[in-house]
Structures are given as structure tokens and as C-alpha cells.
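Engineer: have a look; sequence and predicted model below, questions after that.
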Amino acid sequence: MSTLVRSAVTMLGAAGIMTVLATSPALAASATMASPSAVPLNDYLNRVAMTSPSNAWAVGGFALSGSVVQTLTERWNGKSWKVVPSPNPGGTIRSSDLSDVAARSSSAWAVGSYADAAQFQQTLIEHWNGSAWKQVPSPNPGGAGTWNVLAGVSYISRTSAWAVGSTGFKAFVLRWNGSAWKRVLCPQPGHNSVLSQVAVLSPSNAWAIGSYNPDGAPSRTLIEHWNGKSWKRVASPNPVPTDAELADVSAVSATDIWAVGAFSNGTANQTLTEHWNGKSWKVIASPSPAGPAGIDGLHGVSAVSASNAWAVGSYVSGGVKRTLIEHWNGRAWKQVTSKNPGSSNLLAGVAATKSTAWAVGAFTSGSANLGLIERHGAAWVHITSPNK
């Protein structure tokens, strides 16, 4: 279960998405939307954010050489995707990776991790100031000699942003106050707490999601809420008494929020969608195209209105990993046709407006893992990357 959700969304370095992709045999190629790659082999995209039809960002990583991964940022200018240089604190000898991006107007934040001299992952936060990506100092709650990884970021203004992640067996939250990132305490239920994503509605209303393991028990969904003063855990449903995890969250309003992930029915993984109606979180049925004995999971969600939300992920059919896109029409989640350009395919993130949507991930072509971008207008389309 953890492999399905966390390796595709948290992306703790190159091993994540590339391992997931490598598990499936061949699938016929199809056409797609241009996703530039920094090098000819082994790159991937974890998340995407958009502010307008002519401004979107996608982040992830690419293999520089051997096992060394470098940050990858790509920008949509209304006509094409272009690679934009981004900092790598470990230089060319230690890995750096970006897990998520949030954008507003001409600025953006990206978060992830990098390997220090002792090969421990440390938090990485980068800011787009309108002309370049710059690294911004960030706390490492676990301290030296531990792993500190950021998985999600969200913000509403130049002086208010949140980032979430985990260190060792504990979740943590960081807050940007306009001049510095500071740690804010959050609940630590059970064992191995992980926060995967955060969504901010206002200075007194933010939501973070993930999972935790009660001692000696399967993983459980974890949802926490910021009320303007402190983070509090909020009850969240678990479909069955086996593993369940949440990977992403998106908010339309204080009474309309979606969280997605996956759960185990005891023999296989199924998609999981949960909705906040202003009073409680409820499980809402969503398609699991691989069936009750298959492997399905949702990794990203973007909600636009009460009748328009998108969720993306992957499922395995006939031994082949395929992209999964689902749409909420105000009444039900329905699977929508999506492209599969490689022998193994996965969508990790999605960003949408009323008129369009972007989804990103990776696919395998021959021996290479390549960044995957799909765009929705009248339908989902996808154009071969320049390096293929």
C-alpha cells in the first residue's frame, strides 16, 4: 500500500516514480503534449500548478548520472513547455528533488529535499521571484543525521504559505511568515505519521492530509486542520480495517474540500476519495478500473467548483500500469479516457481551472523514464516529449 501512494506522490528521490514505472511490461504508444526533458534519460514530474492559460509550472527531477538526481522545473508560457534552471544544493554529486509546486501570479514556491554530505535528506524550498528560482533557508525538524523531506506546499499571499512533510517517524509543518520559514507544531498520532499535502483557504483555515500507523496496526488516513491558532486532528474515515492513505487535497471553499489516495481491501489496492462538507469527512465512491483484485490509486486532485474536480493516478490492467483520470460532475466520480504513451505510465499531479487542466507524471519508453504531461480542453491530449 505504501509503495502505491507514497512512492508516486512523496517521491523521495528518483527511486520513487522510476520504481513504480519499472513494474509494468509493454504498452502501445500514443500521442501527447510537449514535456521538455533536461536529459535524454530518466526524468519525471511530480506536481503541477497553474495560474492562467499562459502560466503553469511542473516540478520533479531527472537523473544526471548514475543515481544522482537533479531538480527539474518546467514552465508553460501559453505555447510550449520549457525547462527553467533551478538550484541543486548538493551540486552534481548529491541528489536533489522537487515534490510539489504552488503558484500565484508571478511568484511560485517549490519544495522537496536534497542529500547532505552524509547522504541524509534535508528540506529543500525554492522560490520563483519572477525571474529566477532561488533556494530559501528552511528548517530541518529532525536535525542532523536524520531524513527531513517536504512533500507539499500551498500559499495564499506573499506573507502566508504552508509546507508539510516528515522526518523519521514524525510529520511536520513549516510556515512562511513573509521573511522566514518556521516550524509549527502539529499532532503526531500513533507511529510513522506522514503529511503528504496541504491546502490553504485563509490565514485561519488550512488542511493537511497524509497517514499514520497506530502501533501494531495498518496505516490510517490522517487529516489535520489549522484554525488560525493551532493544528488539530480531525476525524477521517477509513473504508475497511486495512491500510488506507491520503496523497493529495484540494479546497474549493470552507465547505467543499476533496482528499484522495488509496486503501487496501485485503487483497488489492482501491481508489479512495473523501469529501469535507463543512461538518465531517465522508468517503465518496470512486472508480477502481483494475477491479476488486487489482491495483488502483489516486495521487493528485484539483477541485474547481462543486461540480468540477479532477483526480489522477494509475491502475494496473493486464500487467500494464496505465494512467488514471477521474472527473467529479457534482453527482459522481467518473473515469475519463487518458493517454498512455509508454510501456508503463503514471500520473502524479493535476491542476485545473474552469476551462482547462494539466496532469503530470512519467512514462517508460524503452529503457528511459520520461516526464509525462497531459492537457484537457475538449479531451485529454498528450504530445511526445522532445527527447523521445
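Structural biologist: Arrived safely.

Engineer: just for the chain, where's the confidence low?
Structural biologist: 1-41, 383-388 (pLDDT under 70).

Engineer: repeat the analysis, applying 80 as the threshold.
Structural biologist: Across the chain, residues meeting the criterion (pLDDT under 80) sit at 1-41, 64-66, 215-216, 241, 383-388.

Engineer: quick one, helices of it?
Structural biologist: 2-9, 15-21 (DSSP state H).

Engineer: quick one, what contacts the residue lying closest to Gly291 once chain neighbours are set aside?
Structural biologist: Nearest residue to Gly291 in three dimensions, chain neighbours excluded: Ala268, at 7.8 Å (Cβ to Cβ, 6 or more residues apart in numbering). Bear in mind the C-beta positions are built from the backbone N, C-alpha and C, glycine included. Ala268 makes contacts with 290-296, as judged by Cβ atoms under 8 Å, 6 or more residues apart in numbering.

Engineer: got it, and Ala58?
Structural biologist: Ala58 neighbours (Cβ under 8 Å, 6+ apart): 35, 45, 47-48, 73-76, 81, 101, 349, 358, 360, 371, 373.

Engineer: 6 Å instead, please
Structural biologist: Each residue near Ala58 by Cβ atoms under 6 Å, 6 or more residues apart in numbering is listed here: 45, 48, 74, 360.

Engineer: same check, this time on Ala110
Structural biologist: Ala110 touches 59, 98, 101, 126, counting by Cβ under 6 Å, 6+ apart.

Engineer: same check, this time on Asn345
Structural biologist: 321-323, 363.

Engineer: between those, which is closest to Val304?
Structural biologist: For the contacts of Asn345, the closest approach to Val304 (Cβ to Cβ) belongs to Thr323, at 20.1 Å.

Engineer: hmm, back to that, and the contacts of Ala110 as CSV, adding neighbour count and distance to Ala206?
Structural biologist: As requested, the contacts of Ala110 are arranged in CSV below (neighbours: other Cβ atoms under 10 Å; distance: Cβ to Cβ, whole Å):
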residue, neighbour count, distance to Ala206
Val59, 29, 21
Leu98, 31, 21
Val101, 30, 17
Glu126, 26, 21
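
Engineer: neighbours of Pro137, how many?
Structural biologist: A count of neighbours around Pro137, defined by other Cβ atoms under 10 Å, yields 8.

Engineer: give me the phi and psi angles of it.
Structural biologist: Per-residue torsions, Pro137: phi -60, psi 140 (degrees, to the nearest 10).

Engineer: quick check: phi and psi on the nearest residue to Ala132 once chain neighbours are set aside?
Structural biologist: Excluding the flanking residues, the one nearest Ala132 by Cβ to Cβ, 6+ apart is Pro85, at 7.6 Å. Here is the backbone geometry of Pro85 (degrees, to the nearest 10): phi -60, psi 140.

Engineer: likewise Ala378?
Structural biologist: Backbone dihedrals for Ala378, given as degrees, to the nearest 10, come out at phi -80, psi -30.

Engineer: against Ala357, how distant is it?
Structural biologist: Per Cβ to Cβ, to the nearest Å, Ala378 is found 12 Å from Ala357.

Engineer: go on, Gly294?
Structural biologist: In this view, Gly294 and Ala357 are 25 Å apart by Cβ to Cβ.

Engineer: buried stuff in stretch 93-104?
Structural biologist: Neighbour-count burial for stretch 93-104, with 16 or more other Cβ atoms under 10 Å as criterion, is recorded at 94-103.

Engineer: that older thread, now, the contacts of Asn345 that are in strands?
Structural biologist: 321-323, 363 (DSSP state E).

Engineer: of those - the most surrounded one?
Structural biologist: Those, ranked by neighbours (other Cβ under 10 Å): first place Phe363, 30 neighbours.

Engineer: which residues does that residue bridge with?
Structural biologist: With DSSP bridges as the criterion, Phe363 is bridged to Asn345, Leu370.

Engineer: surely it and Lys339 touch.
Structural biologist: No: using Cβ atoms under 6 Å, Phe363 is not in contact with Lys339; the gap is 9.1 Å.

Engineer: list just the nearest of the contacts of Ala58 to Ala262.
Structural biologist: Nearest to Ala262 among those, counting by Cβ to Cβ, is Val360 at 18.7 Å.

Engineer: how close does the closest one sit to Thr167?
Structural biologist: Applying Cβ to Cβ to Val360 and Thr167 gives a distance of 26 Å.

Engineer: neighbour count winner among these two?
Structural biologist: Taking other Cβ under 10 Å, Val360 and Thr167 do not tie; Val360 has more neighbours (30 against 20).

Engineer: for the more buried one, which non-adjacent residue is closest in space?
Structural biologist: Leu45 (3.8 Å).

Engineer: what's the answer for Trp333, then?
Structural biologist: Here the residue nearest Trp333, using Cβ to Cβ, 6+ apart, is Ser286, at 4.1 Å.

Engineer: which residues pair with the closest residue to Asp116 other than its chain neighbours across the strands?
Structural biologist: In this structure, Asp116 finds its nearest non-sequential neighbour in Gln122, 5.1 Å apart by Cβ to Cβ, 6+ apart. Beta-bridge partners for Gln122, by DSSP bridges, are Tyr114.

Engineer: mind listing what Gln122 touches?
Structural biologist: Gln122 touches 114, 116, 140, 148, counting by Cβ under 6 Å, 6+ apart.

Engineer: neighbour-wise, which of these leads?
Structural biologist: Tyr114 leads the contacts of Gln122 on contacts (other Cβ under 10 Å) with 25 neighbours.
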